[in-house]
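1. okay, here's the prediction I keep looking at, along with the sequence it came from:
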Amino acid sequence: MKPALKAPADRERIRSLAIWETGGLPVTTLYLDVDGRRRPRRRDYVRRAETLTGAACDEARSGWGREGYLSVCRDSNRIRSFVRDGLERRGSVRGLALFSCSGADLWESVELSHPVRDGVRVGPRPHLVPLEALLELTETFCTVLVDRERARIFLSSLGEIDEVSRLLDDVPGQHDQGGWAQARLQRHIEDHVQRHLKHVAATLLRLQRGWPFDHLVLAGPEEAVAELERDLHDYARRRILARISLPMTASADQVLDRVTDLEVDLETRREREAVDRLRSETASGTGRAVAGWADTLAALEANRAEILLLAEDLRADGVRCERCSHLAARSDGACEACGGSVVAVPDLVEEAVELALRHRCRVETVADGVALAELGGVGALLRF
């Protein structure tokens with residue numbers, strides 16, 4: 001039986017949002033980065049929310065009529081109030097998705113353990129692509145607390161954690177003395193310890209087959225961890241992310257806090273490696289990477305991009321073809337792909353991100369904009 005691991009943004013929740021009837025009124029969707037490592041002060045993300053909701057009201061004024069405009073204004077006020085006073089930013093909360101249609105009694109807040117790129121959308125239905133992509137691309141962490149007679153196994157994903165197994169194997173002689181010669185007693189104890197660790201390893205293998213996890217974290221006394229690692233099947237051993245120190249009595253929240261720190265470190269390392277690879281590949285001309293808007297958009301549209309990299313503060317206008325939907329950073333009045341007429345796109349970055357997510361392309365927002373400045377602030381590593 002699979003563990004009942006639940007995420008705050010599960011598919012049932014997304015499905016209910018997707019079919020919500022608004023009676024023709026617009027839905028305001030806000031995604032906000034509230035990661036304390038990038039925005040340590042509350043006022044940093046509160047101001048950003050105010051700016052985004054102001055843009056939502058401006059958009060509604062010109063395209064949704066009086067009733068739609070008033071509904072979006074009420075949405076914006078509620079969003080601002082929630083971000084300012086209602087959000088409790090705990091250690092695992094790094095992103096926020098808000099969906100509101102005051103005229104249709106829709107209000108949904110989703111706290112995320114991953115940072116998201118800031119954005120606002122006013123449309124006939126909730127903008128769910130970033131949330132769907134987060135579910136598709138999210139990773140599961142398995143943490144094992146182990147000593148010579150006990151083990152506790154946790155699964156965590158999207159800021160949620162469950163203890164899915166607890167093992168206690170009888171290891172005689174751990175707390176009593178006597179009887180046998182010391183050497184024979186010690187061999188007997190070690191034999192039971194090895195059986196216990198093999199039991200833990202076998203449990204992890206069964207878990208991996210039934211509920212595949214992406215990363216394995218081992219915690220406990222150094223000797224027990226090393227012995228367990230030797231007993232692990234290669235499927236599990238290849239997924240070891242870290243070996244850490246945690247007491248056997250640690251709470252689930254304490255385990256989640258440590259795993260979240262490891263996850264942040266992993267994201268930072270991946271971002272740095274992706275930027276280094278982008279700069280190296282574009283400089284060498286291997287054809288495995290592109291930079292600048294024209295080549296990056298072409299790679300996204302051809303579904304060749306594996307990772308899209310964007311400077312955090314990147315902003316760009318663009319156009320979209322009404323006939324073939326081709327995106328471009330600039331146009332002479334006609335689509336460069338098919339010659340059709342084009343319309344302005346106020347946020348080319350958001351369009352590129354949505355296109356990437358629909359193609360299951362990972363998106364990396366690079367906090368250090370200088371690292372991508374010489375490449376125009378945007379680039380992609382290619383699948384082929």
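-> Arrived safely.
2. rest of the way, CA atoms for contacts and neighbours
-> OK.
3. show me where the stretch 101-250 of the chain has helices.
-> Ranges of helices in the stretch 101-250 of the chain, per DSSP state H, counting those that start in this stretch, are 129-137, 182-210, 222-231, 234-237.
4. looking at those helices, which is nearest to residue 28?
-> helix 129-137 (14.1 Å; C-alpha to C-alpha).
5. distance to residue 268, mean pLDDT and mean neighbour count added to the helices of the stretch 101-250 of the chain, as a markdown table?
-> Shown next, in a markdown table, are the helices of the stretch 101-250 of the chain (distance: least, C-alpha to C-alpha, whole Å; pLDDT from 0 to 100; neighbours: other C-alpha atoms under 10 Å):
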| stretch | distance to residue 268 | mean pLDDT | mean neighbour count |
| --- | --- | --- | --- |
| helix 129-137 | 17 | 84 | 16 |
| helix 182-210 | 26 | 81 | 17 |
| helix 222-231 | 26 | 94 | 16 |
| helix 234-237 | 23 | 93 | 16 |
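6. want to try JSON lines for these, with distance to residue 379 as columns?
-> Output for the helices of the stretch 101-250 of the chain, formatted as JSON lines (distance: least, C-alpha to C-alpha, whole Å):
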{"stretch": "helix 129-137", "distance to residue 379": "19"}
{"stretch": "helix 182-210", "distance to residue 379": "35"}
{"stretch": "helix 222-231", "distance to residue 379": "39"}
{"stretch": "helix 234-237", "distance to residue 379": "34"}
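7. for those helices, which one sits closest to residue 117?
-> Using C-alpha to C-alpha, the nearest of the helices of the stretch 101-250 of the chain to residue 117 is helix 129-137, at 8.9 Å.
8. the closest one packs against which elements?
-> Under the contact definition 3 or more C-alpha pairs under 8 Å, 6 or more residues apart in numbering; DSSP states H and E, helix 129-137 sits against helix 348-358.
9. which other residues reach whichever helix or strand comes after the helix it packs on?
-> Where DSSP states H and E defines the elements, the next helix or strand beyond helix 348-358 is strand 362-366. Residues outside strand 362-366 that contact it (C-alpha atoms under 8 Å, 6 or more residues apart in numbering) are 117, 137, 271, 306-312, 353, 356-357.
10. between the helices of the stretch 101-250 of the chain, which one is closest to residue 71.
-> Across those, closest to residue 71 is helix 129-137 (C-alpha to C-alpha), at 22.8 Å.
11. which residues touch residue 312?
-> 365-369.
12. I meant to write residue 316 there.
-> Here residue 316 is in contact with 329, 346-349 (C-alpha under 8 Å, 6+ apart).
13. between these, which is nearest residue 208?
-> The closest of the contacts of residue 316 to residue 208 turns out to be residue 349 (C-alpha to C-alpha; 37.6 Å).
14. just the buried positions in the lengthiest helix in the chain, please.
-> Counting residues, the longest helix found in the chain (DSSP state H) is helix 252-284. Using 16 or more other C-alpha atoms under 10 Å as the test for burial, helix 252-284 gives 255-260, 262-263, 271-272, 274-275, 277-279, 281-282.
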